[in-house]
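> Mind looking at a prediction? Sequence and model below.
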Amino acid sequence: LIEGLSCLGPDTNWFSEAVLGRMPGRQQNPSLWGGGGGSYTVSRVNFRGGEDPAATEACKRELASGTFASVVVCDLSDDETMTKFEESLGPLLQQFVSEGGRVALPGAEGHILLGTLQRLFGVSWSRGGYYRTDWGA
């Protein structure tokens, strides 16, 4: 699990806590990552918005380790962080995927993610949108 931003401090990321089913004050879901008869190793590294070279190197080591079948990159929710992520980890992420790895990039700002997905993976998706009037609200 690569944490993109830590809005709550250097060692806390609400987005990844939610992905892992560990939100404070909510029912915990320990089977979320180990259910279905599978065995999962969850390793957490924090990109720290691309501001800390040691954090970036830790992310690179995890991506290149060959240990994981999937990577979840949580919350790269601003243009600057996305650019730094793409520049520093993009080539390793491309290699990871080309070797059969899976990547999920959940975030609150999908329009920021689209350009990165197009550049790194050649997706042909385009941005869409809707208005409340589309749904009769």
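Structure received.

> Tell me where the model's unsure across this protein.
1-41, 108, 136-137 (pLDDT under 70).

> now the helices for it?
Ranges of helices in the chain, per DSSP state H, are 14-19, 53-64, 79-98, 110-121.

> Let me know which of these is tucked in deepest.
Among the helices of the chain, helix 14-19 has the highest mean neighbour count (mean count of other C-beta atoms under 10 Å), at a mean of 18. (C-beta placed from N, C-alpha, C; glycine too.)

> one step back: okay, the helices of the chain in JSON lines with distance to Tyr130 next?
Below are the helices of the chain laid out as JSON lines (distance: least, C-beta to C-beta, whole Å):
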{"stretch": "helix 14-19", "distance to Tyr130": "24"}
{"stretch": "helix 53-64", "distance to Tyr130": "34"}
{"stretch": "helix 79-98", "distance to Tyr130": "23"}
{"stretch": "helix 110-121", "distance to Tyr130": "13"}
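
> The longest strand seen in the chain - contacts with which helices or strands?
Counting by DSSP state E, the longest strand found in the chain is strand 70-74. Here strand 70-74 touches strand 2-3, helix 14-19, helix 79-98, strand 102-104, going by 3 or more C-beta pairs under 8 Å, 6 or more residues apart in numbering; DSSP states H and E.

> Out of those, which gets nearest to Gly49?
Of all the helices and strands packed on strand 70-74, helix 79-98 sits nearest to Gly49, with 4.8 Å by C-beta to C-beta.

> what's the angle from that closest one to strand 70-74?
Angle between the axes of helix 79-98 and strand 70-74 is 170 degrees (criterion: axes from the mean of the first three to the mean of the last three C-alpha atoms, to 10 degrees).

> buried stuff in the longest strand of the chain?
Buried residues in strand 70-74, defined by neighbour count with 16 or more other C-beta atoms under 10 Å: Val71, Val72, Val73, Cys74.
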